[in-house]
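Student: Fold the following, please.
(one chain, ligands or ions: 1)
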Amino acid sequence: MKICIIGGGAGARSASRGIRQLNNDIQIDLFTAQNEIDYAPCEPPFVLRGSLEWKDIFYSGNFYEKNNICVHLKSRVTNIDRKNKYIMVGDQTYPYDKLILATGAIPFIPSIHVHNKNFDKKVDRIKNLGVVFGRKMYFYYP
Ligand SMILES: Cc1cc2nc3c(=O)[nH]c(=O)nc-3n(C[C@H](O)[C@H](O)[C@H](O)COP(=O)(O)OP(=O)(O)OC[C@H]3O[C@@H](n4cnc5c(N)ncnc54)[C@H](O)[C@@H]3O)c2cc1C
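Tutor: As a prediction, the model looks like this:
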């Protein structure tokens with residue numbers, strides 16, 4: 001049995017862990033478009049702010065290596081052939097028995113721009129939004 005996972009974030013990690021807990025023999029191949037894996041995506045703002053270093057945002061423990069998961073970095077999957085059960089990374093093909101999509105999502109970004117010369121005014125607008133939603137909103141600036 002060979003399982004391919006597309007994605008290298010928390011969803012993919014969780015899926016890999018679940019498979020390994022059930023079975024040690026399944027071949028798992030993971031494909032991520034990024035050139036890094038196994039870090040907390042929530043933490044880069046703290047690096048930009050200066051309270052962490054880049055190395056601090058990576059998880060310790062070599063999860064993928066220890067769990068015998070073959071990680072393909074910088075490998076954007078460009079096609080899925082469901083009928084013949086293979087995926088494509090450029091012109092390379094990789095067959096699978098089961099395929100898991102853990103490709104994340106693209107967030108909706110409201111048309112509020114804070115990184116310009118009208119910064120203060122725009123932040124006021126965001127604070128007003130906080131009032132609209134009846135919630136207190138917190139901001140921090142690097
Ligand atoms: C600054 C910040 C702070 C956050 N804070 C919190 C928090 O406090 N609490 C919380 O619960 N959540 C938080 N989140 C959200 C949380 O990080 C995400 O919900 C979570 O990382 C989503 O994981 P995912 O695996 O679904 O997707 P992602 O982490 O987006 O992973 C998607 C993966 O799919 C890969 N991919 C996509 N398309 C392809 C393709 N065609 N081929 C190959 N690979 C592909 C990408 O390269 C990537 O590796 C925060 C996010 C950010 C950015």
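Student: burial count for the nearest residue to Phe63 once chain neighbours are set aside?
Tutor: In this structure, Phe63 finds its nearest non-sequential neighbour in Asp38, 6.1 Å apart by Cβ to Cβ, 6 or more residues apart in numbering. To be clear about C-beta, it is placed using only N, CA and C from the backbone, and glycine gets the same treatment. Neighbours of Asp38 under the rule other Cβ atoms under 10 Å: 19.
Student: give me phi/psi at Asp38?
Tutor: phi 70, psi 50 (degrees, to the nearest 10).
Student: Name the surrounding residues that touch stretch 59-68.
Tutor: 13, 16-17, 20, 24, 28, 30, 37-40, 69, 71 (Cβ atoms under 8 Å, 6 or more residues apart in numbering).
Student: quick one: average confidence on it?
Tutor: When pLDDT is averaged along stretch 59-68, the result is 94.
Student: So that stretch, near the ligand or not?
Tutor: No: no part of stretch 59-68 sits near the ligand under the criterion Cβ under 6 Å from any ligand atom; the closest distance found is 12.4 Å.
Student: Next up, the contacts around Asn98.
Tutor: Rather than Asn, residue 98 is Lys. When contacts are counted by Cβ under 8 Å, 6+ apart, Lys98 touches 1-4.
Student: what sits opposite it in the beta ladder?
Tutor: With DSSP bridges as the criterion, Lys98 is bridged to Ile3.
Student: ok, back up a step: so which of the contacts of Lys98 is the most crowded?
Tutor: Within the contacts of Lys98, neighbour counts (other Cβ under 10 Å) peak at Cys4, which reaches 24 neighbours.
Student: Now do the SS call for Ser60.
Tutor: The three-state label given to Ser60 by DSSP: H, G, I helix; E, B strand; the rest coil is coil.
Student: Can you tell me how far it is from the ligand?
Tutor: Per Cβ to the nearest ligand atom, to the nearest Å, Ser60 is found 18 Å from the ligand.
Student: what about the spatially closest residue to Ala10 that is not a sequence neighbour, which helix or strand?
Tutor: The shortest distance from Ala10 to any non-neighbouring residue, by Cβ to Cβ, 6+ apart, is to Pro41 (7.6 Å). Assigning secondary structure by DSSP states H and E places Pro41 outside every helix and strand.
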